[in-house]
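Asker: Got a predicted structure plus its sequence, pasted below:
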Amino acid sequence: MRIAKTIAETRAILAEARRTGRTLGFVPTMGWLHEGHLSLVDVAKSHSSCVVMSIFVNPLQFGPREDYGSYPRDLERDAALAAGRGVDLLFAPGPEEMYPAENLTFVEVMKVTEGLCGASRPGHFRGVATVVAKLLNIVTPDVLVLGQKDAQQAVVLQQMVKDLNFPCRVIVAATVREEDGLAMSSRNRYLSPEERSHAALLSQALHDAAQSIRTGERDAGRIRERMEQSLRASPLIRVDYISITDSERLEEMKQVSGKILIALAAFVGGTRLIDNVMLEV
Ligand code: PAF
């Protein structure tokens with residue numbers, strides 16, 4: 001595996017890969033890799049002959065009181081994991097490479113960014129869309145692989161790729177979970193052992209909601225209420241939102257039908273975690 005820290009080096013390596021007929025699969029990350037990220041590498045490998053991963057903690061997508069400063073960073077550890085899984089090129093720029101001067105150009109995806117995490121994290125998706133647009137222009141992949149764990153991010157980026165005609169296909173890969181159901185996330189490392197044991201309630205609430213729909217429940221208000229109730233059982237959990245929406249436009253539903261997304265964000269102690277399930281009614 002090669003590691004490139006500059007845009008120029010990345011472009012040169014990938015131009016050479018293209019010349020030899022290789023197709024590019026791309027997995028953008030913010031590092032502190034876990035099995036969730038590495039499973040995206042497997043998916044990228046099955047759809048391309050050269051896998052590029054980026055590791056960049058993007059300041060544009062963090063709010064002023066969020067964890068940009070404390071977000072875990074360990075390039076040596078991440079590089080070993082990425083190489084072990086078969087990444088061909090790791091692009092790991094610093095902030096001065098990605099934003100050498102004040103950034104005055106932003107990509108703003110409308111409507112699908114209004115609810116869910118967009119409502120609680122103003123500017124977050126503008127930062128995500130902007131950095132991913134830059135990364136797509138640097139890497140020019142054939143296939144972009146994203147995780148279903150960040151369901152709204154996947155919807156936003158699919159919309160951006162379509163609207164701005166990025167010449168790549170987007171693949172959204174399944175969430176990888178710990179044994180007790182907790183969705184893998186770099187932020188899980190912030191949890192104390194006690195918080196970690198309570199965090200499993202999030203996926204449990206989603207699982208129970210999906211199960212109630214499978215057995216005939218259609219009233220979104222009732223489903224949401226039951227989820228809130230089961231999460232209130234833990235004094236360590238504070239719900240940020242529970243959304244029940246269609247899976248494409250992310251519009252809240254009163255009666256569930258078609259392809260739906262049940263998504264939640266909650267603070268477990270001081271750590272904000274997200275998770276979701278998608279199902280077809
Ligand atoms: O999902 C993430 O880790 C980030 O939002 C992404 C897509 C790498 C953009 O910074």
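Answerer: Yes, it's here.
Asker: C-alpha from now on. contacts and neighbour counts both.
Answerer: Will do.
Asker: now the closest residue to the ligand within the stretch 151-281 of the chain, nearest residue through space, not along the chain?
Answerer: Here the residue of the stretch 151-281 of the chain nearest the ligand is residue 153; by CA to the nearest ligand atom that distance is 7.1 Å. Nearest-residue entry for residue 153: residue 125, 7.2 Å, with adjacent residues in sequence omitted and distances by CA to CA, 6 or more residues apart in numbering.
Asker: need the contact list for the one you found.
Answerer: For residue 125, the contacting residues are 61, 108-109, 113, 118, 153, 156, by CA atoms under 8 Å, 6 or more residues apart in numbering.
Asker: Of these, which belong to helices?
Answerer: Among the contacts of residue 125, the ones falling in helices (DSSP state H) are 118, 153, 156.
Asker: and the second one, how many residues sit next to it?
Answerer: Residue 153 has 21 neighbours, counted by other CA atoms under 10 Å.
Asker: now the first one
Answerer: Residue 118: 17 surrounding residues under other CA under 10 Å.
Asker: looking at it, it is touching residue 124, isn't it?
Answerer: Yes - using CA atoms under 8 Å, residue 118 makes contact with residue 124 at a distance of 6.7 Å.
Asker: And the strands in the stretch 1-150 of the chain, which stretches?
Answerer: Here the stretch 1-150 of the chain has its strands, by DSSP state E, counting those that start in this stretch, at 2-4, 24-29, 50-55, 89-91, 143-147.
Asker: With mean neighbour count and distance to residue 175 added, can I get those in JSON lines?
Answerer: Shown next, in JSON lines, are these (neighbours: other CA atoms under 10 Å; distance: least, CA to CA, whole Å):
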{"stretch": "strand 2-4", "mean neighbour count": "16", "distance to residue 175": "27"}
{"stretch": "strand 24-29", "mean neighbour count": "24", "distance to residue 175": "14"}
{"stretch": "strand 50-55", "mean neighbour count": "24", "distance to residue 175": "18"}
{"stretch": "strand 89-91", "mean neighbour count": "23", "distance to residue 175": "22"}
{"stretch": "strand 143-147", "mean neighbour count": "24", "distance to residue 175": "6"}
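Asker: List just the one of those that sits closest to the ligand.
Answerer: Across the strands of the stretch 1-150 of the chain, closest to the ligand is strand 24-29 (CA to the nearest ligand atom), at 3.7 Å.
Asker: The stretch 1-150 of the chain against the ligand: which residues are in contact?
Answerer: Residues of the stretch 1-150 of the chain lying close to the ligand by CA under 6 Å from any ligand atom are 28-30, 58, 128, 132.
Asker: Got phi/psi on residue 246?
Answerer: Backbone geometry at residue 246, expressed as degrees, to the nearest 10, gives phi -70, psi 160.
Asker: Not counting sequence-adjacent ones, nearest residue to it?
Answerer: With CA to CA, 6+ apart as the criterion, residue 246 has its nearest non-adjacent residue at 4.4 Å, and that residue is residue 260.
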